[in-house]
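K.L.:
mind looking at a prediction? Sequence and model below.
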Amino acid sequence: MHATTPSSTAARIRALLPALLLVCVALVGAVGCNRTTSDRSLVYKRPAELMELANTPTGAFGSKGLPKVLWLDPRTPAEFAAGRVPQATNIPFPDIERTHEATCRGFDLYIVYDTDYDDVMAKAAAKRLLELGYKPVYTMLGGLRAWRTDGFSVEPMPADATRK
């Protein structure tokens, strides 16, 4: 066995330091970070633009047909019953994370809306969908107010219908 001097040990540590730092950075990136979103992650579109996206066939020369669209209304069931985008699905914001596997899978396009320009429910729900891995997700700029302004109809929920 040969003796090592303090300077040779320090030299070995300095030589290994870049590799150790790389391993630490890789571990922190893989283990310590959760996927987060911000307002910059959101894509806003006017109602007419969203209708165009929802009604434009996909695939080469439209071979895949119209996209399967989830029009998501994250408001309360009472707000949803008062008025909604036709064919919308009500998944109240607090329920999205718990029910997304059953309610959000299998769609090609996700459109989230709320009541008005000042309402933050659509922003929060769109961020949650993005965090859960859904894409593409669009947020309707202006919500139902802009929907009506652009000339689209709002349907009240039939009195005998049950929430899905």
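P.N.:
That came through, no problem.
K.L.:
what about residue 136, distance to residue 68?
P.N.:
From residue 136 over to residue 68 the distance is 13 Å, taken as Cβ to Cβ, to the nearest Å. Yep, even glycine has a C-beta here, placed from its N, CA and C like the rest.
K.L.:
what sits in contact with each of the two?
P.N.:
Residues touching both residue 136 and residue 68 (Cβ atoms under 8 Å, 6 or more residues apart in numbering): residue 109.
K.L.:
who's in contact with stretch 63-71?
P.N.:
With contacts defined as Cβ under 8 Å, 6+ apart, stretch 63-71 is touched by 53-59, 85, 87-89, 104, 106-111, 113.
K.L.:
just checking, which helix or strand of the chain averages the lowest pLDDT?
P.N.:
Lowest by mean pLDDT, DSSP states H and E among the helices and strands of the chain is helix 6-27, with a mean of 60.
K.L.:
packing partners for the next helix or strand after that one?
P.N.:
Per DSSP states H and E, the first helix or strand lying C-terminal to helix 6-27 is strand 44-45. Other elements packing on strand 44-45 under the criterion 3 or more Cβ pairs under 8 Å, 6 or more residues apart in numbering; DSSP states H and E are strand 137-140.
K.L.:
what lines up beside the strand it packs on in the sheet?
P.N.:
With DSSP bridges as the test, strand 137-140 is paired with strand 44-45 (parallel), strand 109-112 (parallel).
K.L.:
would you turn the ones you listed into CSV with mean pLDDT, distance to residue 8 and mean neighbour count?
P.N.:
Conversion of the strands paired with strand 137-140 to CSV gives the following (pLDDT from 0 to 100; distance: least, Cβ to Cβ, whole Å; neighbours: other Cβ atoms under 10 Å):
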stretch, mean pLDDT, distance to residue 8, mean neighbour count
strand 44-45, 96, 61, 15
strand 109-112, 98, 60, 23
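K.L.:
export those strands to JSON lines and tack on distance to residue 143?
P.N.:
What follows is the strands paired with strand 137-140, written out as JSON lines (distance: least, Cβ to Cβ, whole Å):
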{"stretch": "strand 44-45", "distance to residue 143": "11"}
{"stretch": "strand 109-112", "distance to residue 143": "9"}
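K.L.:
tell me which of those strands sits nearest to residue 126.
P.N.:
Of all the strands paired with strand 137-140, strand 109-112 sits nearest to residue 126, with 4.5 Å by Cβ to Cβ.
K.L.:
give me the contacts around that closest one.
P.N.:
Against strand 109-112 from outside (Cβ under 8 Å, 6+ apart): 50, 53-54, 67-74, 104, 122, 125-126, 129, 134-140.
K.L.:
next: stretch 116-126.
P.N.:
39, 42, 72, 74-75, 91, 93, 96, 110, 112-115, 137-146.
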